[in-house]
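Enquirer: Return a 3D structure for these sequence lines:
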Amino acid sequence: ADDEPVHLYNVIKQDHGLEKALDQYLMEKARSAIQNMQRVKIAADIGNTDRTVGTMLSNLVSKNYGERGLPENTIKIRLTGSAGQSLGAFL
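Expert: Model (predicted):
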């Protein structure tokens, strides 16, 4: 064990299951808002295993609109259920 090298960067591929993340659904439903600034309302169920919900959607918005983002209320999301502690942590 003492002879093993210490890695300073990612050397093992990790599967975080992002293709199954609730954000995938949110991004699909928000497509017209992001592409055309059309207002959208999205309803979805959420469970406490859904982590950092909104992070990937927020990233997509910021990639397209920078700091100014979208106009207020362009994307409205109603979630039903029990969210994990990091709900909206990176919005």
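Enquirer: contacts and neighbour counts: CA atoms only from here.
Expert: Will do.
Enquirer: show me where pLDDT drops low in this structure?
Expert: Counting by pLDDT under 70, the chain contains low-confidence ranges at 1-2.
Enquirer: Look up how far K13 lies from G88.
Expert: 26 Å (C-alpha to C-alpha, to the nearest Å).
Enquirer: These two: which has the busier surroundings?
Expert: Counted by other C-alpha atoms under 10 Å, G88 and K13 do not tie: G88 has more neighbours, with 14 against 6.
Enquirer: The longest helix along the chain: how far from the chain's middle?
Expert: Looking across the chain with DSSP state H, the single longest helix is helix 55-65. Relative to its chain's centre, helix 55-65 lies at 8 Å (C-alpha atoms, centre = their mean, to the nearest Å).
Enquirer: swap in stretch 36-53?
Expert: With C-alpha atoms, centre = their mean, you get 9 Å for stretch 36-53.
Enquirer: Identify each buried residue in that stretch, please.
Expert: Neighbour-count burial for stretch 36-53, counted by 16 or more other C-alpha atoms under 10 Å, picks out 39-40, 46, 50-53.
Enquirer: Format those residues as CSV; extra columns: distance to I77 and secondary structure.
Expert: Shown next, in CSV, are those (distance: C-alpha to C-alpha, whole Å; DSSP: H, G, I helix; E, B strand; the rest coil):
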residue, distance to I77, secondary structure
R39, 11, coil
V40, 8, strand
I46, 11, strand
D50, 15, coil
R51, 16, coil
T52, 14, coil
V53, 11, coil
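Enquirer: re the thing from before, for the longest helix of the chain, name the packing helices and strands.
Expert: If contacts are counted by 3 or more C-alpha pairs under 8 Å, 6 or more residues apart in numbering; DSSP states H and E, helix 55-65 sits against helix 22-29.
Enquirer: List the buried residues of the helix it packs on.
Expert: Buried, per 16+ other C-alpha under 10 Å, within helix 22-29: 22-24, 26-27, 29.
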